[in-house]
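S.K.: Give me coordinates for this.
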Amino acid sequence: MTFLITGANRGIGLELAFFALENKHRVLALVRDPAQARSLHYSIKENPEYSDRLVILKCDVTDAGQIAEVKEAVGGEAIDVLINNAGVLLDDDEKFSSLPLEKIQLNFKVNALGSVAITQAFLPNLLKSSAAKMICITSQMGSINDNRSGGYYAYRMSKAALNMFVKSFSVDYPQITSLVLHPGWVRTEMGGPEAPVLPRESARGLFKIITGATRNETGHFFDYTGKPISW
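M.R.: Numbers count the residues shown, from 1 in each chain. Predicted structure coming up:
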């Protein structure tokens, strides 16, 4: 299978790329700066067999020009699994009264609109696959039902918007298995050093869900252990 993964240079995206490669799949790894994707380059050095199956492509999901360039580079190749993983958390625990609207807009631009733009661009490639999957890495913080602590307005709203995008997409494109997945509180640059879940552990669970998902699960929201999360 061919995987296209955004934000594949570190954290969960990097580990998902590694799991795909280890399982003999082809990976189109989208990163903002290929020169800084040292772990991906090192993986090819350590595993020469990856050189034929790993393609590192420059792409900021908020840059329409870069998305168009990647689309041209990929051409008409079928994509079996599209993983919208790139994301940001910019508002931390700022008070609502002092939260700049610019931070809300940027959270939306990356977390929600970036996934929409990537999915639009590569929809023809997904439709060429006989068992296509479109996955968005979201957060339980985007669950309206689960929100009992407030705060994190920009991040929560952007992830809730992402969830709604996937829900609508799953209805309009039933031939594509579409999921939103919560990776857990992961020890990444975003999650911080106190997070209890390691990126490899989270990605292992996510990869199992992604590869095992069928159209019966389309439009659903799960965490990395396979537990359903309410909207």
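
S.K.: Residue 167 and residue 219 touch, don't they?
M.R.: Yes - Residue 167 is within contact range of residue 219, at 5.6 Å (criterion: Cβ atoms under 8 Å). (Each C-beta comes from the backbone N, C-alpha and C, glycine too.)

S.K.: residues in contact with the residue nearest to the spatial centre of the chain?
M.R.: For the chain, residue 85 is the residue whose C-alpha lies nearest the centre (Cα atoms, centre = their mean; 1.7 Å). Shown in contact with residue 85 (Cβ atoms under 8 Å, 6 or more residues apart in numbering): 5, 6, 7, 8, 12, 13, 16, 137.

S.K.: now those as a markdown table including distance to residue 186, neighbour count and secondary structure?
M.R.: What follows is those, written out as a markdown table (distance: Cβ to Cβ, whole Å; neighbours: other Cβ atoms under 10 Å; DSSP: H, G, I helix; E, B strand; the rest coil):
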| residue | distance to residue 186 | neighbour count | secondary structure |
| --- | --- | --- | --- |
| 5 | 16 | 25 | strand |
| 6 | 16 | 29 | strand |
| 7 | 13 | 26 | coil |
| 8 | 15 | 31 | coil |
| 12 | 6 | 28 | helix |
| 13 | 11 | 25 | helix |
| 16 | 12 | 29 | helix |
| 137 | 10 | 28 | strand |
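
S.K.: just those now: which is nearest residue 77?
M.R.: residue 5 (14.6 Å; Cβ to Cβ).

S.K.: In three-state terms, label the closest residue in space to that closest one that isn't next to it in sequence for me.
M.R.: Spatial nearest neighbour of residue 5, chain neighbours left out: residue 83 (4.5 Å); criterion: Cβ to Cβ, 6 or more residues apart in numbering. Here residue 83 is strand, with the state taken from DSSP: H, G, I helix; E, B strand; the rest coil.

S.K.: In this structure residue 83 contacts residue 12, no?
M.R.: No - applying Cβ under 8 Å as the test, residue 83 and residue 12 come out as separate, 9.3 Å apart.

S.K.: Distance of the residue nearest to residue 5 relative to residue 9?
M.R.: 14 Å (Cβ to Cβ, to the nearest Å).

S.K.: Ok, residue 34 next?
M.R.: For residue 34, the distance to residue 9 (Cβ to Cβ) stands at 8 Å.

S.K.: same question, residue 77
M.R.: 21 Å.

S.K.: Neighbour count: these two, which is higher?
M.R.: residue 9 (23 against 15; other Cβ atoms under 10 Å).

S.K.: Am I right that that one is in a strand?
M.R.: No - using three-state DSSP, the assignment for residue 9 is coil, not a strand.

S.K.: these two touch, right, it and residue 42?
M.R.: No - with contact defined as Cβ under 8 Å, residue 9 does not count as touching residue 42 (11.6 Å).

S.K.: In contact with residue 93, which residues?
M.R.: 151, 152.
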